[in-house]
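Chemist: Next one to model:
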Amino acid sequence: MIRNYLKIAWRSLWKNKTMAFINILGLVTGITCCLLIGLYIRHEYSYDRFQEKGDRIVRVLMDYKFTSGDFKKVPVTSTKVLPVFARTFPEIESGVRMTEYSRIITLGDQQFVEDHIMFADSTFFDLFSLRLLQGDPKQSLSGPNKMILTTTTAKKYFGNNNPVGQILKVGGDAIPFEVTGVMEDCPSNSQMQFDFLASFSSLNANQEKTWWNANYTTFLLLKDKAATARLQAKVSDFIKKDMAGQNATIEFGLEPFERIHLYSEFDSFVPNSNITYLYILIGVALLILAIACFTYVNLSTARSLDRSKEVGIRKAVGAIKQQIFRQFIGESILLSVLALLLSIGIVWLLLPAFNHLANTTLSIRSLLSPAVIAFTIGMIVCISLLAGSYPALVLSAFNPSKVLKGAKGKTGSGAWLRKTLIVFQFGISVFLIIATFIIHQQMRYIQEKKLGYDREHVMVLPWDNKMNNTGSTIKQELLTLPGVKSAARTAQLPTSIIGGYNMRTATMPETDNMSVIANPVDEDFVKTMNLRIIAGSDLTLQDMADLDKPAGEDVTYHFILNESAAKALGWTAQEAVNKKMFLDGSRPGYVRGVIEDFHFQSLHSAIQPLVLFPEKWGRNLLVKVNGNSIPQTIQALQAKWKALVPHRPFSYHFLDEDYNKMYNAELRLGKIMNLFAAIAIVLACMGLFGLSYHAIQQRQKEIGIRKVLGASVAQILVLIGKGFLSLVLIAFLITVPLTWWVMSQWLEDFAYRVSIGWLVFGAAGLLILLIAACTVSFQAIRAALSNPVKSLRSE
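Modeler: Sure, this is the predicted structure:
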């Protein structure tokens, strides 16, 4: 019986190749999208699920405020938090402090700049389930200047030789570190992606000195995962008592480790994903699949008129309703299975491109995991039942006596269903088109918005402490190169300044401070970044020279404030100049100048008060080059660098790369929405093409009679097209309010955003109507130009 069902199903598909092709192509596209997005979402949800103790680990967040201003939250703490908390609260089993740095690694006469060197306490392996292949997990990080290599890093430096016991020199000072172990590479779905794991004690960080100096990530391992709320209450009470009477308030929050990657506002050691964007991707994939299923239902019910006699004959020779139903469900299953097999092959071909688009390392082997297999089987069953049930019920319900006498059966409900599904299909397409337009507008706004500084043609070179004493010489020598316009030292890049400090005026009590973001720079930072001074003047060489006063003499600083900082202190830009103020309590000085507000963080955040102050140290050297002959300028810089900074290999990137990285998630979403909006339009048009093709076939004689009676080609086009285009227009009108609300919610996440204008909706409406008109017109013009004699000769 099953063999007979399959044979009939195959013959039916082969007989109606056009409809079968449209159905299979639609299902293949929908299933392929679902499989790719399913693999990506599974990968994102799997982050750190391999951590055996992950449900008992929390990250400590720090909230702080001074007497004035709002609370500021950061995902780092001082070194004091872990030892004090571990002694004070019995709920804590263990903990680890971690931080990641870029360092020079020297082996013999070879030097490498390594960006992923993680420093961690010796308790690291007590919390995290990363396997140590060589070495003792208790002792490998138990003292200063010890280091564990990942498998890939060990092979890079030592080949097939045993690295344990070998010495690597770290940093510009070439401090010798002993290799004490080898561990497995960090999995791709881990919050920690490092190549070296070094002992935290190597940093010589002050222990238990202060709650401030928050520069380290602190994880706690709880004895019981249910103790988080209880511990949070105890921590709040403890720190409240400890900070009583001080001119600042500190609070510590506990964030579940397993929620960091998808739900936290703060990145871990790799950029976080966003649960909202995953929901969007899930929704888009389901909408694409829904369009494919709607197309199948539409074409199947439309073809019910053609297959009514087949059903009538089968019933007349004894087939019961259940057998007819199973036959047509069998066709649906066969079509779905064929689509699945083709989709798996296409996923295999597209996976490298998808990995590049989504910035992942998904493997085709992931399709063989039990979860993915179960998902795929469930998806095929749902597609077969949801897409095949209604056509099967309609066809199996035909009355054989009426059908064999020439009646076509009741089709009114089927016509209404087809119209409803067309509205849904094009509604989905309109939603994706408008959403894509708005995302692109926001991304273009981000790219083109005047940030208040010039990020074009700015190279970022590394700076370390060994370069501090020769900093002026290095800069002067680089400025002699023809392509170099200016150079400046800075601790943090202007794309992301996050250093937390406090400030007050001379008239404010010493206990009254307010929070501020501040950045150590040199005298050329404002000029190099083309920041606009609106009052006062820039920092000078003398301001830098004042920092070199002998020990015991007070240093007087000079500050550059942005407009927001001046306003926060109660001054206008002009009033602020030469006013005395204090930064972080330990830096007394005067305001040298005020600059126009500029965006030193993501456009997700509003501009905050900022102070630029002079310091001799930094982490980055910004080199402004002209736009001509950049390759030659880079070569000249490399040669000069080798002579001036022999201890450090030449490496660089451009500042606009850092800016673009802040919006990676949005840029990826824009590309994905582009792709899926195009797919949705194509699928919806394929369904419309199939329906119009079938409708024209059913109305061949009517069209022939109208032509004989004098109807023009234009009149035939209007006759055929107006019904379909009215449905597209209804879909547009229904979808617009929903799309406006959804995209308004998405834009709320940006402090600086575009406004949604009606032009976007008008353009989307015209586009979808034009595409639909072209789709229907292709078939309608063929029908209108056909010879009526051919359609009427049988009469």
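Chemist: And stretch 735-750, what's buried?
Modeler: Residues of stretch 735-750 classed as buried: 735-736, 739-740, 742-743, 746-747, 750 (neighbour count, 16 or more other CB atoms under 10 Å). All C-beta spots, glycine's among them, are computed from the backbone N, C-alpha and C.
Chemist: How about stretch 224-233?
Modeler: Those would be 227-228, 231-232, for stretch 224-233 by 16+ other CB under 10 Å.
Chemist: now stretch 281-294
Modeler: Buried, per 16+ other CB under 10 Å, within stretch 281-294: 281, 284-285, 287-294.
Chemist: Repeat that for stretch 371-387.
Modeler: 372, 375-376, 379-380, 383-384, 386-387.
Chemist: Take the residues you listed and keep only those in strands.
Modeler: Here DSSP state E is the test, and the buried residues of stretch 371-387 give no hits in strands at all.
Chemist: Let's verify residue 471: helix, strand, or coil?
Modeler: helix (DSSP: H, G, I helix; E, B strand; the rest coil).
Chemist: I figured it hits residue 489, correct?
Modeler: Yes. Shown here, residue 471 and residue 489 form a contact pair, counting by CB atoms under 8 Å, at 6.1 Å.
Chemist: and the two? which has more neighbours close in?
Modeler: Neighbours per residue, other CB atoms under 10 Å: of residue 471 and residue 489, the larger number sits with residue 489, 28 against 18.
Chemist: Thought residue 522 was touching that one, still the case?
Modeler: Yes. Look at residue 489 against residue 522 with CB under 8 Å: they come within range, at 4.4 Å.
Chemist: okay, and the common contacts of those two?
Modeler: Common neighbours of residue 489 and residue 522, using CB atoms under 8 Å, 6 or more residues apart in numbering, are 471, 618.
Chemist: from the buried residues of stretch 224-233, which single one is nearest residue 159?
Modeler: residue 228 (45.8 Å; CB to CB).
Chemist: what's near enough to touch that closest one?
Modeler: Contacts of residue 228 by CB under 8 Å, 6+ apart are 58, 222, 254, 256.
Chemist: Pipe those residues into JSON lines and attach secondary structure and neighbour count per row.
Modeler: Below are the contacts of residue 228 laid out as JSON lines (DSSP: H, G, I helix; E, B strand; the rest coil; neighbours: other CB atoms under 10 Å):
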{"residue": "58", "secondary structure": "strand", "neighbour count": "25"}
{"residue": "222", "secondary structure": "strand", "neighbour count": "22"}
{"residue": "254", "secondary structure": "strand", "neighbour count": "17"}
{"residue": "256", "secondary structure": "strand", "neighbour count": "16"}
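Chemist: So of these, which two are at opposite extremes in space?
Modeler: 222 and 256 (10.1 Å).
Chemist: so what sits against both of these two?
Modeler: Common neighbours of residue 222 and residue 256 (CB under 8 Å, 6+ apart) are 57-58, 228.
Chemist: JSON lines for the residues you listed, including distance to residue 432?
Modeler: As requested, these are exported to JSON lines (distance: CB to CB, whole Å):
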{"residue": "57", "distance to residue 432": "39"}
{"residue": "58", "distance to residue 432": "39"}
{"residue": "228", "distance to residue 432": "40"}
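Chemist: Which secondary structure elements does the host helix or strand of residue 59 sit against?
Modeler: Element membership for residue 59, per DSSP states H and E: strand 57-66. Where contact means 3 or more CB pairs under 8 Å, 6 or more residues apart in numbering; DSSP states H and E, strand 57-66 is packed against strand 72-74, strand 217-222, strand 248-256, strand 514-521.
Chemist: Flag whichever of the ones you listed has the least confidence on average.
Modeler: Per-segment mean pLDDT for the helices and strands packed on strand 57-66 reaches its minimum on strand 72-74, at a mean of 88.
Chemist: That one: which residues count as buried?
Modeler: By 16+ other CB under 10 Å, the buried positions in strand 72-74 come out as residue 72.
Chemist: same deal with stretch 535-545?
Modeler: Counting neighbours by 16+ other CB under 10 Å, stretch 535-545 gives 535-536, 538-539, 543-544 as buried.
Chemist: now swap in stretch 682-697 and tell me
Modeler: 682-696.
Chemist: Which elements pack onto the lengthiest strand in the chain?
Modeler: In the chain, taking DSSP E as the definition, the longest strand is strand 92-107. Identification of packing neighbours for strand 92-107 by 3+ CB pairs under 8 Å, 6+ apart yields helix 81-88, strand 110-120, helix 124-127, strand 167-170, strand 217-222.
Chemist: and residue 617, how many neighbours does it have?
Modeler: Neighbours of residue 617 using other CB under 10 Å come to 15.
Chemist: Surely residue 453 is in a strand?
Modeler: No. Applying three-state DSSP, one finds residue 453 to be coil, outside a strand.
Chemist: Apart from its chain neighbours, what residue comes closest to it?
Modeler: Spatial nearest neighbour of residue 453, excluding adjacent residues (CB to CB, 6 or more residues apart in numbering): residue 529 at 4.3 Å.
Chemist: correct me, but that neighbour touches residue 497?
Modeler: No. Residue 529 is beyond contact range of residue 497, at 11.2 Å (criterion: CB under 8 Å).
Chemist: Looking at the two, which one has more neighbours?
Modeler: Neighbour count, other CB under 10 Å: between residue 529 and residue 497, residue 529 has more, with 25 against 19.
Chemist: mind listing what that one touches?
Modeler: 453-454, 458, 488, 494, 622.
Chemist: for it, phi and psi?
Modeler: phi -90, psi 0 (degrees, to the nearest 10).
Chemist: so is residue 272 in a helix, a strand, or just coil?
Modeler: Per three-state DSSP, residue 272 ends up coil.
Chemist: circling back to that earlier point, could you dump the helices and strands packed on strand 57-66 to TSV with distance to residue 53?
Modeler: What follows is these, written out as TSV (distance: least, CB to CB, whole Å):
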stretch	distance to residue 53
strand 72-74	25
strand 217-222	6
strand 248-256	12
strand 514-521	35
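Chemist: Relative to residue 186, which of these is closest?
Modeler: Between residue 186 and those, the tightest spacing by CB to CB is seen for strand 217-222, at 15.3 Å.
Chemist: coming back round to it: determine which of the helices and strands packed on strand 57-66 approaches residue 144 most closely.
Modeler: strand 217-222 (19.7 Å).
Chemist: following the closest one, which helix or strand comes up?
Modeler: Assigned by DSSP H and E, the successor of strand 217-222 is helix 228-242.
Chemist: Any buried residues in stretch 259-279, and which?
Modeler: Buried positions in stretch 259-279, judged by neighbour count with 16+ other CB under 10 Å: 260-262, 264, 268-270, 272-274, 277-278.
Chemist: Then stretch 439-449?
Modeler: 439, 441-443, 446.
Chemist: What is the nearest of these to residue 298?
Modeler: Using CB to CB, those come closest to residue 298 at residue 439, 29.6 Å.
Chemist: What residues does the closest one make contact with?
Modeler: 666, 669-670, 673, 746.
Chemist: circling back to that earlier point, adding distance to residue 331 and pLDDT, write the shared contacts of residue 222 and residue 256 out as CSV.
Modeler: As requested, the shared contacts of residue 222 and residue 256 are exported to CSV (distance: CB to CB, whole Å; pLDDT from 0 to 100):
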residue, distance to residue 331, pLDDT
57, 52, 96
58, 54, 97
228, 54, 94
